[in-house]
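J.: build me a model:
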Amino acid sequence: MSDDDKITLSAMEFDEEKARELEEKFDSEIRFRPLTQAAGWLVGFLLVALSLFHYYTAGFGLLQEMLHRGIHLSMVLALIFLVFPLVKKGYDQPAQSSFLRPLGIPLFDWLLALAAVVAVLHVPMIPLDDLAFRVGNPTTLDVVLGVILILLLLEATRRSVGIPLPIIACIFMAYALFGRYMPSILVHPGASVSQLVDHLYLTTQGIYGIALGVVATYVFHFVLFGVFATRIGLGQLFLDCAAWVAGRYAGGPAKVSIFGSALFGMISGSSVANTVTVGSLTIPAMIKLGYKKHFAAAVEAASSTGGQVTPPIMGAAAFLMIEFLELPYTTIILAAIVPAFMHFFGVFMQVHFEAKRTGLRGLRPDEMPDVVEALKRDWPTIIPLVVLIGVLLSGYTPYMAAFWGITLCIAVGLLNPRRRMSVADIAVCLRDGAKYALAVGAAAATVGIVVGVVTLTGVGFKLSYIVTSTAGQLSLLFGTFIPESIFSAQGLTLLFTLLMTGVVCILMGCGIPTTANYIIMVTIAAPALVMLGTEPIVAHFFVFYYGLLADITPPVALAAYAAAGMAGADPFKTGNTAFRLGLGKALVPFVFVFSPSLLLVTKDFTWPNFFLAFGGCVLGITCLGAALSRYLLVRTRPWENVLLVFAALLLVAPELYSSLLGLALVVPVVLRHWSARHTDEAQPV
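T.: Presented below is the predicted three-dimensional model:
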């Protein structure tokens, strides 16, 4: 074997600086405008200060609620106006300093940053007793500053996240103002500008609400921990272990991508960060092995989205569940174990079938890293993660766990001679951790506008009624064709409600980030599921799980586009393929609802129900993956794909009768494939 044919996944290939550059290149949420040296120092100082503020308060006590959120949001908005330009085009080089461009940043943006700080901090500076009397009776200054903050927040979100989320917020505000003109059940008395601003600005039901609070007290700290953990080498250790476990099997690098993304997802709640870090090694290896460029990129993107549902870190939505459901984080972690497994299993099965269908080999022993050497080299990097999990399981707050995790990361980095960190490296980690807070902070505050309108107008319950009524009509229509033993009338109503909710989640994912998608859908759609008897945690996990598709749903698909850029593949084709790979586990959320035991923490949990649902999910995902990949033991025929799809639907239904019927549909396919496994149909194509 020549060196040109050799595929290596050695630790020496991983370049942290390159991964950081790739992330900044492909993730628009952390891609700053070119800055002059002076502006770069100023922005860097402010980012480090923001991280230090959160690190200190996590360990030594949070500030009063409104003040803590206000300081966070004021710094986030000010930095957004300094680092994100008004228009993306034409900023290839730093602008020269002048009177109209102090430090190379337009004077207009400096004024917007200052206005944002004043407008945000106005409310926290009002004494609580005075604020209680001002709610419902705002002063003129309150209304003016509230309008200014809303406009600045929409613009900051547009710059950092994109236009869809601000448009959605504007639609909701228009509904609040012009409710008397709405049709039928959506009609409401309408609110004045003063009333709307009062609710969104002076209360914790709007901009300063739960979403912003979660980002300011939970999300920021765990993102910062992930940055430090990656810097000290924990991510590299995970990749080496993944290569050792999965690399030897068919399509080796693709399976390494899945296992590596699963492990790296434990310390990173960012799909794009996961994609560029793991993908910097696995995507070139997949392409060299023989995978098409768009498929290699799609595998990494689809796998990396699972980081948001992989314990113990997970994504921002997991921390939002703590506040929405008032449950301990340990309960959320336990409930997420099976969903995380199913996510990666769904991608794994399609990758496996693709590798077998195309005849792609695994990695040879000399192409894989030495896992024993990797453990000897990087074992100290595991200490912070173990301590973080231990503190969490001991009942302490998540941000206290993150504080000790970050502290031990710094200690390991300073003491470990193999990957020693300098003070400059610590500052870089603090800076990079704060970068992630900008876009998600603005998005969380903007989603607060949506939540505020829902609580002000009661539109959430109205939309829930519309959804359940439509689902009830559909169940009456289709009920005559579906046996009562498979689905009762109430079960059909719930099924159609789930279908509509899932479709809306996917459509919302076409334009807004995962976290914003989750908050909006929990506010609007989750009540409909609860009305039909679904446990709240199950309803939340349903929209959370479907929200994962947001990062691989074109036309936004940030993770897919980042992977496509690294692979030199067509972005839209990559997004479509990643979406198809993600569909392998799209059936699982339905099982959560009809068999809540799968989440391990529900009221009616029993082990027999769990194993029936778990086994049905595994078999159903396998069948659907085979149908989508057109391969099981040999290449499938069109009629077999149809049978496999129907079998998948029946297998995931948590009833023994339907599961047995699903197995019966699979039997003829398996028998034909078993007899044909030595024919031409079994040969790679």
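J.: quick one: the longest helix belonging to the chain to chain centroid distance?
T.: When the chain is parsed with DSSP state H, its longest helix is helix 423-457. Chain-centre distance of helix 423-457: 14 Å, with CA atoms, centre = their mean, to the nearest Å.
J.: one more: stretch 671-683?
T.: Mean-position distance between stretch 671-683 and its chain equals 40 Å (CA atoms, centre = their mean).
J.: now what about that stretch, what contacts it?
T.: By CB atoms under 8 Å, 6 or more residues apart in numbering, the surrounding residues in contact with stretch 671-683 are 359, 632-636, 640. In this view, the C-beta of every residue, glycine as well, is placed from N, C-alpha and C.
J.: try it again at 7 Å.
T.: Stretch 671-683 has contacts (CB atoms under 7 Å, 6 or more residues apart in numbering) with 632-635.
J.: got JSON lines for those residues, with distance to E323, neighbour count and pLDDT too?
T.: Converted to JSON lines, the contacts of stretch 671-683 look like this (distance: CB to CB, whole Å; neighbours: other CB atoms under 10 Å; pLDDT from 0 to 100):
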{"residue": "L632", "distance to E323": "44", "neighbour count": "25", "pLDDT": "90"}
{"residue": "L633", "distance to E323": "48", "neighbour count": "18", "pLDDT": "89"}
{"residue": "V634", "distance to E323": "51", "neighbour count": "21", "pLDDT": "90"}
{"residue": "R635", "distance to E323": "49", "neighbour count": "21", "pLDDT": "90"}
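J.: report the two of those residues separated the most.
T.: Farthest-apart pair in the contacts of stretch 671-683 is L633 and R635; separation 9.3 Å (CB to CB).
J.: count the neighbours of G346 for me.
T.: For G346, the count of nearby residues is 29 (other CB atoms under 10 Å).
J.: got the confidence number for it?
T.: Confidence at G346, expressed as pLDDT, is 91.
J.: flag every buried residue along the strand or helix carrying it.
T.: Using DSSP states H and E, G346 sits in helix 329-358. For helix 329-358, a neighbour-count test (16 or more other CB atoms under 10 Å) marks 329-333, 335-358 as buried.
J.: which strands or helices does whichever helix or strand comes after it pack on?
T.: As assigned by DSSP H and E, the chain's next helix or strand after helix 329-358 is helix 371-378. Here helix 371-378 touches helix 234-246, going by 3 or more CB pairs under 7 Å, 6 or more residues apart in numbering; DSSP states H and E.
J.: next, the angle from the helix holding G346 to helix 234-246.
T.: Put simply, helix 329-358 runs at 50 degrees to helix 234-246, going by axes from the mean of the first three to the mean of the last three CA atoms, to 10 degrees.
J.: now do helix 329-358: distance to the chain's middle.
T.: Relative to its chain's centre, helix 329-358 lies at 15 Å (CA atoms, centre = their mean).
J.: packing partners of it?
T.: Applying 3+ CB pairs under 7 Å, 6+ apart, one finds that helix 329-358 makes contact with helix 252-264, helix 293-304, helix 316-325, helix 382-393, helix 536-547, helix 607-629.
J.: mind listing residues that contact the shortest one?
T.: Around helix 316-325, the neighbours that count as contacts under CB under 7 Å, 6+ apart are 210-211, 213-215, 218-219, 269, 308, 327, 329, 332, 336, 398, 440, 514-515, 518-519, 522, 536-537, 540, 544, 547.
J.: so what's L100 up against?
T.: Residues near L100 by CB under 7 Å, 6+ apart: 106-107.
J.: can you give me the buried ones in stretch 461-468?
T.: So stretch 461-468, judged by 16+ other CB under 10 Å, has buried residues 462-464, 467-468.
J.: buried stuff in whatever helix or strand L149 lives in?
T.: In this structure, L149 sits in helix 140-160 according to DSSP H and E. Using 16+ other CB under 10 Å as the test for burial, helix 140-160 gives 142-143, 145-150, 152-160.
J.: buried sites along stretch 161-172?
T.: 161-162, 164-166, 168-169, 172.
J.: would you list the contacts of stretch 671-683 in a markdown table and tack on secondary structure and distance to I389?
T.: Formatted as a markdown table, the contacts of stretch 671-683 follow (DSSP: H, G, I helix; E, B strand; the rest coil; distance: CB to CB, whole Å):
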| residue | secondary structure | distance to I389 |
| --- | --- | --- |
| L632 | coil | 38 |
| L633 | coil | 40 |
| V634 | coil | 44 |
| R635 | strand | 44 |
